[in-house]
Structure formats: structure tokens, C-alpha cells
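*Asks:* based on what follows, work out the 3D shape:
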Amino acid sequence: MLLKNPQADENFVEKIVENCDGYTGYTHQWKNSAFQAYKRFFMASCDTTQDYAQAKQLGWKTFRVSKDWRIKLPEERPCDFSVSGK
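*Replies:* Residues are numbered from 1 along each chain as shown. Got it, this is the predicted structure:
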């Protein structure tokens, strides 16, 4: 899903989520102040441990892309793609 107008699209996302049995969503837009309300729908997609720390400080749940999961941070969930390669 591509969101172009954060304020207008929040209602759209909420309607979709209300009608789902379950979903997984994450975004790289978590640093953008206009997308902070979306933390209730999505997880922050983090590329580095610094991103992880910043996202946590902003109140986001996180996924982190990594090729090496020997270093797993507290409460961290690996991005499914980075673990499976699919």
C-alpha cells in the first residue's frame, strides 16, 4: 500500500485494518513526523541499530533488516524477508 497523504490516508488504513482478520505492516516513513499516527497500524522498518534505538524512542515497534542475526536487540523482531531471503 502506498500512502501519499498521511492525514487523509489514516482513515483509509483504519478502515482496511478493521476489516482484516490479521495483517503485518511496516514502513520506512516512521522518521517522518506526518506518519507518527501510523505507529498504531505499522512497525518501523529499521536498517541499523541506530534506527532501532530512534524508533523505540519515538514509541514504534520495530522490524530490522539484517544479514546477521547474531546481534538481536531487546524486544526486536527480525524482518521476515531478511531471515528467509524470500
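
*Asks:* quick one: the helices in the chain?
*Replies:* In the chain, helices defined by DSSP state H lie at 6-18, 49-57, 80-84, listed in chain order.

*Asks:* what about the first one, distance to the chain center?
*Replies:* This means helix 6-18. Its chain's C-alpha centre and that of helix 6-18 lie 15 Å apart, by C-alpha atoms, centre = their mean, to the nearest Å.

*Asks:* what packs against it?
*Replies:* Helix 6-18 sits against no helix or strand, with contacts defined as 3 or more C-beta pairs under 8 Å, 6 or more residues apart in numbering; DSSP states H and E. In this view, the C-beta of every residue, glycine as well, is placed from N, C-alpha and C.

*Asks:* C-alpha coordinates for it, PDB please?
*Replies:* The C-alpha trace of helix 6-18 is given here as PDB (Å, rounded to 0.1, in the frame of the first residue of the first chain):
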ATOM      1  CA  PRO A   6      -0.800  10.900   5.600                       C
ATOM      2  CA  GLN A   7      -3.700  12.800   7.100                       C
ATOM      3  CA  ALA A   8      -6.300  11.600   4.600                       C
ATOM      4  CA  ASP A   9      -4.900   8.100   4.300                       C
ATOM      5  CA  GLU A  10      -5.000   7.400   8.000                       C
ATOM      6  CA  ASN A  11      -8.800   6.900   7.900                       C
ATOM      7  CA  PHE A  12      -8.400   4.700   4.800                       C
ATOM      8  CA  VAL A  13      -5.900   2.500   6.600                       C
ATOM      9  CA  GLU A  14      -8.000   2.300   9.700                       C
ATOM     10  CA  LYS A  15     -11.000   1.000   7.600                       C
ATOM     11  CA  ILE A  16      -8.800  -1.700   6.000                       C
ATOM     12  CA  VAL A  17      -7.400  -2.800   9.300                       C
ATOM     13  CA  GLU A  18     -10.900  -3.000  10.900                       C
END
